[in-house]
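Colleague: make a model of this:
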Amino acid sequence: MPPRKKSPPLREIADSLESRIVSGDLEPGQQLPSTRDLAVEYDVSEKTIYRVISLLKASGQVEARQGKGVFVRSTQPLEWHLHQFERGNRRDDPTAGRDDWKAAAEEQGRTATQDPPRVSVEPAPSDVARWLAVDPGTYVVARRRVRRVDGEPFQLADSWFPTSVALDTDLMVEADVTMPGGILASIGHPQVSLRDEIRSWPPATRVEAERLELQEGVGTPVIRHTRIGFGADGKPVRVMVTVAPGHLNTLVYEMEV
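Modeller: Alright, predicted model coming up:
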């Protein structure tokens, strides 16, 4: 009796399907073959194929549609040009309700909106305290937003401010406020220098996944972009942590050398 052909490992099957997606053999919006057909094609159990599909969902390559099947995800990532964001001649337009982030997205032909922020005064977590150079537990102002592109959540933008900067200002307003040069500049605390910290962080936490309306049970990898803004005296005036699902966002820096 000839030896049974060795079945490809889980990751090898996932790589094979990803290659078919990248090459266009499986096009955006196209339905994947059934679990049974894929199991026959790769000579594995249907249980193994379920695990492969979970990997592809987590990487953002495919999405499940209730009662219809699994489809190649058709998503156009947003290019977030961090070398321009909040720098130089900002594109804030209070009349149109368009801040610098929205303007950058609209330049790419996208429709950008932000949910009304949730504002609170709360003790600073240890990482926020470190970024703002205050003692852990010091009360700070938190301003949390969901940024949408073409109606879909693309980023979480959560900012924290020292109370000496934010209390009794427009930063406390739970509305999508736009000011020339940004709210901080308009209230007398402009950012004169910035520090960016970027980390990959798989997967999104449960709370983040809920806010981003990600598929339940799917560990979507995210990028965490932290930007600390400093005032003229060198002290931090804000830290903003942006959680960006990897399949929806491309972080871009362009620099002369």
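Colleague: which parts of the protein are strands?
Modeller: Shown for the chain, the strands assigned by DSSP state E span residues 62-65, 69-72, 78-81, 112-114, 118-123, 139-149, 152-162, 193-200, 222-230, 236-245, 249-252.
Colleague: tell me which of the ones you listed sits most buried.
Modeller: strand 236-245 (a mean of 22; mean count of other CB atoms under 10 Å). For glycine as for every other residue, the C-beta is placed from the backbone atoms N, C-alpha and C.
Colleague: could you check the pLDDT of Val173?
Modeller: We have a pLDDT of 96 for Val173.
Colleague: ah, wrong one, I meant Arg65
Modeller: 85.
Colleague: of all the strands of the chain, which lies closest to Met172?
Modeller: strand 118-123 (5.6 Å; CB to CB).
Colleague: ok, back up a step: worst mean pLDDT among the strands of the chain?
Modeller: strand 62-65 - the lowest mean pLDDT of the strands of the chain, at a mean of 84.
Colleague: helices or strands up against it?
Modeller: Counting contacts by 3 or more CB pairs under 8 Å, 6 or more residues apart in numbering; DSSP states H and E, strand 62-65 is packed against helix 46-58, strand 69-72.
Colleague: before we move on, the earlier item: reformat the strands of the chain as JSON lines; add distance to Ser34.
Modeller: Shown next, in JSON lines, are the strands of the chain (distance: least, CB to CB, whole Å):
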{"stretch": "strand 62-65", "distance to Ser34": "13"}
{"stretch": "strand 69-72", "distance to Ser34": "7"}
{"stretch": "strand 78-81", "distance to Ser34": "33"}
{"stretch": "strand 112-114", "distance to Ser34": "37"}
{"stretch": "strand 118-123", "distance to Ser34": "43"}
{"stretch": "strand 139-149", "distance to Ser34": "32"}
{"stretch": "strand 152-162", "distance to Ser34": "27"}
{"stretch": "strand 193-200", "distance to Ser34": "33"}
{"stretch": "strand 222-230", "distance to Ser34": "30"}
{"stretch": "strand 236-245", "distance to Ser34": "27"}
{"stretch": "strand 249-252", "distance to Ser34": "32"}
